[in-house]
Structures are given as structure tokens and as C-alpha cells.
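Asker: Here is a sequence together with a model predicted from it:
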Amino acid sequence: MSTIQLAQIKVDSKTSASQSELRIGQLRIPLPNRFPISPERNALKPAGVKEPLPGEVAVLARLAPPDTLKRILTQEEALKSTARFLSRETSPDSVRLLYLAFKGGAMVKETQDLKTILDLQYLAGLDIITVQHTVDMSPEDFDGQISFAERWMEERGVEKPLMPIIQATDNKEVGGELVKILAKHESAQIGIDLRGAFHYHALRVMEEFKKKNPEVWLHAFQVPPKIRLGRSPMPCSQGMILPMFSIDSFSRWIVPPPPTPLTKEVINVFDRKGWGALKKKDYEEIRGNSTSCNCAVCQGKDLEPFYEGKVLDVLAKAKVHDHLAQRNELESARASIKRGEFLSLLNSKQYPREFLQQIPREA
């Protein structure tokens, strides 16, 4: 599994969305798509779903606060046990990659620390090697980290794809420098960390990059359920509109436990009909008692069974439902892009239509 290629690329006529096929080894994966993270796979049992979560690429996502990162970087047993957990998390037929959600100022800055994280991925037998940019890291330092990772792979004889993951920034100048670095290294697969927010300018920078490099696979990490413009959250599902910014695939955010008690009323649930993320009260008011969903969680039933059980069970149902329902809806997105009608599809959905009215786009 040494190469990644985008093939059969078809660009939408009125947006920057593209429909393509991601080829990794013998796998043929339709894009745009959504790939699962670890907490979604862990949610299957409490959600009452027996089938594995669909997703050809498995994002092995881990929260990385300073103490956790320090243990991995300084204690050999912690490194080995983390590698063992990562190697066993998914079935061998998944394409696996590591994503660390750095928290509390944690970062991999020193060369020796980067080597340890690269060794961790090698020991775990992961299929794509990631090197992550962090908020406080300069573009020049990140350039050096990618170069180090390239040398590490050459010295170790590691013939696997290297995916640089950049931090979304609303500083256009920094974004431009990061994109130049990615172009310099001729990366065929690139990640952008949206950090649980909607970074409009960063997405536009990636959109322009993709126009010049249509064969590069762009994956967005840390995608929140809904869009927040300024201080105002919109119900519009963020993941479902990302293709218009040339994003090929995405995975949901990994978030720590909330500081306040979690209740069923505040859990966002994907609404297939309007492509929004709705809380319980809004869902009931707008959709009546219907989920309008036949996924393995909803099974075409009304809303009441969805909200039955403990609050963590409902959260698990929401995670699994969101993944299954959005994977299903992305099938219609791919078909519309192929016909050159993605903008029409977005305008036919209530919440993307409201989002488009807030964001003027060129024709």
C-alpha cells in the first residue's frame, strides 16, 4: 500500500466540488466521503448497533493533553502500549492513520519528539504516516518537520504515503506560506485541521490550492456538527457543505468531556431532510416526531426511541446516526456533482440554502 491516487475526477459546474475515486492499494473509495474516528467506533455498542461502522479509512483519533503526550514521548512502556492499542483498533482491511488532538499547549516541536511519534506510527503498522502542524509552530518549522519525516521514511525504508496535516488559520499570509510548503513537498495527500470551527479563509485558500492541484486528496479533520459564523451558530451541517470548498473527505471532531453536565437536550443530531444539526427541542418542533431516517440507529422509527435511555447512550446514538446518515447523503452529493448540479442540491436543502445566503459566492 505505497501509493495514493485520485482518479476519475469530475468537477462540479458551479462550485469547486469534485467527485472522484480515491485509490489506495486495491481499494477504490468514492469521494466526497466521510471517514470514522475512534469515538464513533466506540459508540456502536451503546448505540445498539452490531454492524461495523462503514469507512474505508480509519482515523485513529486521540486526545493529546500535555501529560498524555509526555508519557508517550518519555516512557517506553507507554509508547509500546499505545502502539498496541492503535494496531488492534480496527480490522486489517481498513486504511489507518493517526490524528492527535493536541490540547493545553501540547505540541511536538523537538526533532527527537517527532521521531518518537513517527516511530509510534511505524510500530503500530499504520498505513498512512501523518506529520502534524500545531497552532504555535511557524511555517518554517513545519517545513523542517516534513523534511525530517521524509528522511526518516527513507532511512527506515518505509514505503507508505506521508500526509502533512496543517492547522486552519484565518491569517491569509500564513495560510499561503503553508500551502507553498505543501506544494514544495509535492504531497499527494493533505490534511487540514479545522479545530472544531468554521475557518472560511483557510477553506478558500485550500480551494484555490485544489484548483491548481486537482489530483491531491484533501481531508478535513476536527469537523464540528454545525457552522459557527462569528458568535452565531447556524444549524447547517458543516461536513455536508465542505465539498464546495474542494474538500474531498472529512471526519468529525474529537472533543473532551464537557465542563458542564451533558443532557439529552443539548446533543446535536443530523437532520437528513434539511442537512442541519438540531437539538432535541428544535428537531421535535421542525420535524414533528419523525427522524426521516432509515439508518441502523433510527430504522425509520419516530424520535421517541432515539432519545430513550441514558444520556451517554443518546450521545452514542447521535454519533453513529450522524456518520451513517451523512455517508448515505453523500451518495446523493456525489451523484449531483457528477451531473454538475451540486449547487442546486445545496439550495434544495433548508440549512445549506440559509448558509449560502450568508456567504456570497462567485458564479
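Answerer: All right, it came through fine. Residues are numbered from 1 along each chain as shown.

Asker: can you give me the mean pLDDT across the strand or helix carrying E77?
Answerer: Assigned by DSSP states H and E, E77 falls within helix 76-88. For helix 76-88, mean pLDDT is 96.

Asker: following that helix, which helix or strand shows up next?
Answerer: Assignment by DSSP H and E places the next element after helix 76-88 at strand 95-102.

Asker: Tell me the buried residues in stretch 80-96?
Answerer: Neighbour counts using 16 or more other C-beta atoms under 10 Å place 82-83, 86, 90, 94-96 of stretch 80-96 among the buried residues. Bear in mind the C-beta positions are built from the backbone N, C-alpha and C, glycine included.

Asker: distance between stretch 38-48 and the chain's centre?
Answerer: Distance, stretch centre to chain centre, for stretch 38-48: 17 Å (C-alpha atoms, centre = their mean, to the nearest Å).

Asker: Export only the CA atoms of it, formatted as CSV.
Answerer: Extracted C-alpha coordinates of stretch 38-48, given in CSV (Å, rounded to 0.1, in the frame of the first residue of the first chain):
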residue,chain,number,x,y,z
SER,A,38,-12.2,6.2,17.2
PRO,A,39,-15.1,7.6,19.4
GLU,A,40,-17.6,6.9,16.7
ARG,A,41,-16.5,3.2,16.5
ASN,A,42,-16.6,3.0,20.3
ALA,A,43,-20.2,4.3,20.2
LEU,A,44,-21.5,1.3,18.3
LYS,A,45,-22.2,-0.9,21.3
PRO,A,46,-24.0,1.7,23.5
ALA,A,47,-25.9,2.8,20.4
GLY,A,48,-27.2,-0.8,20.0
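
Asker: What are the contacting residues of that stretch?
Answerer: Residues outside stretch 38-48 that contact it (C-beta atoms under 8 Å, 6 or more residues apart in numbering) are 50-53, 58-62, 89-90, 252, 254, 297, 312-313, 315-317, 319-321, 323.

Asker: List the ones among the residues you listed that fall in helices.
Answerer: Applying DSSP state H to these, the entries found in helices are 312-313, 315-317, 319-321, 323.

Asker: which among those residues end up buried?
Answerer: 313, 315-317, 319-321, 323.

Asker: Please name the residues that touch the spatially closest residue to P54 that is not a sequence neighbour.
Answerer: Distances taken as C-beta to C-beta, 6 or more residues apart in numbering place R327 nearest to P54, at 6.0 Å, with adjacent residues excluded. Shown in contact with R327 (C-beta under 8 Å, 6+ apart): 33-34, 54-55.

Asker: just those residues now: which is nearest E285?
Answerer: Nearest to E285, judged by C-beta to C-beta, of the contacts of R327 is R34 at 27.1 Å.

Asker: Around the closest one, how many other residues sit close by?
Answerer: 26 (other C-beta atoms under 10 Å).

Asker: who's in contact with it?
Answerer: 55, 239, 249-252, 323, 326-327, 330.

Asker: TSV for those, including pLDDT and distance to R28?
Answerer: Below are these laid out as TSV (pLDDT from 0 to 100; distance: C-beta to C-beta, whole Å):
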residue	pLDDT	distance to R28
G55	94	14
G239	98	22
S249	99	14
F250	99	19
S251	98	20
R252	97	24
H323	98	20
Q326	99	20
R327	98	16
L330	99	16
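
Asker: Name the nearest of the residues you listed relative to Q75.
Answerer: S251 (28.4 Å).

Asker: Can you flag which of the contacts of R34 belong to strands?
Answerer: 249-252 (DSSP state E).

Asker: Highest neighbour count among these?
Answerer: S251 leads the ones in strands among the contacts of R34 on contacts (other C-beta under 10 Å) with 27 neighbours.

Asker: quick one: it and P36 touch, right?
Answerer: Yes: in this structure, S251 is within contact of P36 by C-beta atoms under 8 Å, at 6.9 Å.

Asker: Which residues are in contact with each of those two?
Answerer: Joint contacts of S251 and P36 (C-beta under 8 Å, 6+ apart) are V59.

Asker: could you point out where the protein is predicted with low confidence?
Answerer: Along the chain, segments meeting pLDDT under 70 span 1-2, 360-363.

Asker: Which residues are in contact with L303?
Answerer: 283-284, 287, 289-291.

Asker: and the gap between the residue nearest to P54 and G274?
Answerer: 18 Å (C-beta to C-beta, to the nearest Å).

Asker: these two touch, right, N289 and P305?
Answerer: No: at 10.5 Å, N289 does not count as touching P305 under the criterion of C-beta under 8 Å.

Asker: Between these two, which has more neighbouring residues?
Answerer: Neighbour count, other C-beta under 10 Å: between N289 and P305, P305 has more, with 14 against 10.

Asker: Wasn't the more buried one part of a helix?
Answerer: Yes: looking at P305 with DSSP: H, G, I helix; E, B strand; the rest coil, it is inside a helix.

Asker: what's the distance between it and K273?
Answerer: Counting by C-beta to C-beta, the gap from P305 to K273 is 18 Å.

Asker: now V131, what's its secondary structure?
Answerer: V131 is classified as strand under three-state DSSP.

Asker: residue contacts, A202?
Answerer: Counted by C-beta under 8 Å, 6+ apart, A202 has contacts 168-170, 175, 192, 194.

Asker: By neighbours, which of the residues you listed wins?
Answerer: Going by other C-beta under 10 Å, I192 tops those with 31 neighbours.

Asker: For beta bridges, what are the partners of that one?
Answerer: I166, A220 (DSSP bridges).

Asker: show me what contacts it?
Answerer: Counted by C-beta under 8 Å, 6+ apart, I192 has contacts 165-168, 202-203, 206, 218-221, 247.
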